[in-house]
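In: build the 3D model from these lines:
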Amino acid sequence: MRAFITPLCLIAASLLACAPVQAAKTLVYCAEGSPESLTRLFANGQNTSDAGSQIADTLLDFKSGTAELQPALAESWEISPDGRTYSFKLRRGVKFHTSSSFQPSRDFNADDVLFTWQRQASKSHPYHKLAGNLAYVQFSNLRMDENVEKLEKLDDYTIRFQLKRPESPFLTRMSFDMLGIQSAEYANKLAAAGTPEKLDREPIGTGPFQFVSYQKDTVIRFKAFAQHWRGKPKADALIISIVPDATVQLAKLKTGECHISVSVKPADVALIEKTPGLSLVQQPGLNTGYIGLNTTKKPFDDKRVRQALDLAIDRNAILGAVYQGRATLAKNLLPPAYWAANAKLPAIAYEPAKAKALLASAGYPNGFDMELWYLPVLRPHNPDGKRMGEMIQADLAKIGVRVKLATFEWGEYLKRQRAGEHQAVMFGWLSGNGEPDNYFEPLLSCDAAKSGGNLARWCNPAFEDLLQRARRTPDRAERTTLYAKAQEILREEVPQVLIAHGHRFGVTRKEVQGFVLEPTYQLDLRNVELNR
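Out: Numbering: from 1, shown residues only. Sure, this is the predicted structure:
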């Protein structure tokens, strides 16, 4: 096999000798954007989760290729009969990473779980405010501190959560990014040295890869953690190369500058399948692409206007032009594979005449001006935000709505939408599990409207009541009924214009073995190796 000497050697020079990528056993993953942070606690975007999950483990995670929970830093758990007490036995012998400035004196234990939790839950915690402009998005959106009455350490390897009321999704939440465990010992040492900010800039975790360095908007370097509790990763080192353009990523895959990418345009699928040396991986996605309508801003405070926009968009045309037919049109926020998806709801109609009549009844017979932010990155739920924006712009013009398109760099896009600056904004959700609450709570709850995850800033008491009742009951049939009613409210109120559930794609070079395109959003690279 020909060994490619590429510009990647310059990127990797401080990590390994500048040898061909293949010979160096360095796995290169092409990402389309920079992380907001290297710390999983702040994860609200895929790039943050991808980078942070290499560094920090959670109490539970998922079996590879499935949405089935399995033990991770917690090796077992017990739930009380009343569903209010969760006790976790922590794994012994789990090592933390080391660095030039930190040599851990002990293994992972309960103190680290308490530190990670309390940092987010307590505003008086010394590390709480170090988030800066970031936020503990998952923790806030899921209202974790509201229902957890107490988290206590029973001994070094046993913790117990006491809940105020039963919460069916609670166990699944132990796999979420917000519980990417940080080292309490490292935090204490940094605080004593007067450099607490290094906790997130030079992160220490128990994950499969150890952080080496980060050059913003260019590259993140890691090395394999030989003492990882699941065993040393197959690759000796990992590079996340930040390449915003999917076409450039594909070119780098062809030349060997990247080994794996999950930023695939549906329009490129046929080409990839014909390209020697590349392999396509695909599966139906647990995702939903949508447009959040800011209901705190006119005219989107009137549901007739929101209904009109919903009826004016030709989704079938978007399915063909943007997704190349490789998606399922959305009629629920939940993907069809979810057990709680309301299959009885009809497809969303395309009725521009009815849409125009609704606008007239709302006082806008001649339409209005609006701004739509289109997605600046490629996602399975939206592979081409600009093209989708142009098609929606043309559709809405037919009913008199004049759309100005705008976008921002990805980090700025996330920051501005969380602040509620938008009128209408493209976004989407990649599921972390098969739990319906993972969609409804962070995207549409009243608390999420306050914290910024609910882009519609929509708070509906009837919908909220259904969510809370579903959270409290362990009976799946009853939960299904409650969620079905909640989806009926969403169809009527239209806080989001639903578009599609996109298929998920990945591309690997032929020397890559062991890569699994996870049905969840997790990026697990532990078992990926390069076959020479």
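In: and stretch 193-209, what's its mean pLDDT?
Out: The predicted model assigns stretch 193-209 a mean pLDDT of 96.
In: swap that for stretch 95-102, sorry
Out: Average pLDDT, stretch 95-102: 96.
In: which outside residues touch that stretch?
Out: Around stretch 95-102, the neighbours that count as contacts under Cβ atoms under 8 Å, 6 or more residues apart in numbering are 55, 104, 107-108, 183, 185-186, 189, 198, 202, 204-207, 210-211, 225, 227-229. Placement of C-beta: from N, CA and C, glycine included.
In: recalculate using a threshold of 7 Å.
Out: Under the contact criterion Cβ atoms under 7 Å, 6 or more residues apart in numbering, stretch 95-102 has outside partners 104, 107-108, 183, 186, 189, 202, 204-206, 210, 225, 227.
In: any idea which of those is closest to E529?
Out: Looking at these and their distance to E529, the nearest is F225, at 15.7 Å (Cβ to Cβ).
In: what about that closest one, neighbour count?
Out: Neighbouring residues of F225 were enumerated by other Cβ atoms under 10 Å; the total is 25.
In: ok, of the contacts of stretch 95-102, which come out buried?
Out: P104, D107, F108, S183, Y186, K189, E202, I204, G205, T206, Q210, F225 (16 or more other Cβ atoms under 10 Å).
In: who are the contact partners of the fifth one?
Out: Contacts for Y186 (Cβ under 7 Å, 6+ apart) come out as F102, L199, I204.
In: any weak-confidence spans in the stretch 401-532 of the chain?
Out: For the stretch 401-532 of the chain, residues meeting the criterion pLDDT under 70 lie at 432.
In: in it, which spans are strands?
Out: Secondary structure of the stretch 401-532 of the chain (DSSP state E, counting those that start in this stretch): strands located at 402-406, 424-430, 496-502, 504-509, 512-513, 529-530.
In: and of those, who's closest to L253?
Out: Within these, the stretch nearest L253 is strand 504-509; the backing value is 5.8 Å (Cβ to Cβ).
In: which helices and strands sit right next to that closest one?
Out: For strand 504-509, the helices and strands in contact under the criterion 3 or more Cβ pairs under 7 Å, 6 or more residues apart in numbering; DSSP states H and E are strand 260-261, strand 278-283.
In: least reliable of the ones you listed going by mean pLDDT?
Out: If you rank those by mean pLDDT, strand 278-283 sits at the bottom with a mean of 91.
In: now flag whichever of the contacts of stretch 95-102 is closest to E351.
Out: Distance to E351 across the contacts of stretch 95-102 (Cβ to Cβ) is lowest for G205, with 51.6 Å.
In: ok so, going back, in JSON lines: the helices and strands packed on strand 504-509, plus distance to Y521.
Out: Written out in JSON lines, the entries for the helices and strands packed on strand 504-509 read as follows (distance: least, Cβ to Cβ, whole Å):
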{"stretch": "strand 260-261", "distance to Y521": "15"}
{"stretch": "strand 278-283", "distance to Y521": "13"}
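In: ranking the ones you listed by burial, who's on top?
Out: Mean neighbour counts were taken over the helices and strands packed on strand 504-509 using mean count of other Cβ atoms under 10 Å, and the top value, a mean of 24, falls to strand 260-261.
In: ok, of the contacts of stretch 95-102, which one's closest to G289?
Out: Taking Cβ to Cβ as the measure, G289 sits nearest to G205 out of those, at 31.5 Å.
In: and the closest one, how close does it get to F96?
Out: G205 sits 7 Å away from F96 when distances are taken as Cβ to Cβ, to the nearest Å.
In: also P244?
Out: Taking Cβ to Cβ as the measure, P244 falls 33 Å from F96.
In: so the two - more neighbours on which side?
Out: Ranked by neighbour count (other Cβ under 10 Å), P244 and F96 place F96 first, with 25 against 17.
In: tell me if the more buried one really is in a helix.
Out: No: assessed with DSSP: H, G, I helix; E, B strand; the rest coil, F96 is coil; it does not lie in a helix.
In: nearest residue to it in space, please, no chain neighbours.
Out: Setting aside the residues directly before and after it, F96 is nearest to P104 in space (Cβ to Cβ, 6 or more residues apart in numbering), at 4.3 Å.
In: tell me which of the helices and strands packed on strand 504-509 lies nearest to R471.
Out: Per Cβ to Cβ, nearest to R471 of the helices and strands packed on strand 504-509: strand 278-283, 28.8 Å.
In: tell me the strands beside that closest one, with direction?
Out: Strands flanking strand 278-283 in the sheet, each with its direction: strand 504-509 (antiparallel) (DSSP bridges).
In: so how far is the partner strand from its chain's centroid?
Out: From the chain centre to the centre of strand 504-509 is a distance of 18 Å (Cα atoms, centre = their mean, to the nearest Å).
In: same question for stretch 256-274.
Out: Counting by Cα atoms, centre = their mean, stretch 256-274 is centred 21 Å from the centre of its parent chain.
In: and that stretch, which residues are buried?
Out: Of all the residues in stretch 256-274, those buried under the rule 16+ other Cβ under 10 Å are 256-269, 272.
In: go on, stretch 336-348?
Out: Of the residues in stretch 336-348, those with enough neighbours to count as buried (16+ other Cβ under 10 Å) are Y338, A340, A341, N342, I348.
In: my guess is the first one meets N438, correct?
Out: This points to Y338. No: between Y338 and N438 there is no contact under Cβ atoms under 7 Å: 9.7 Å.
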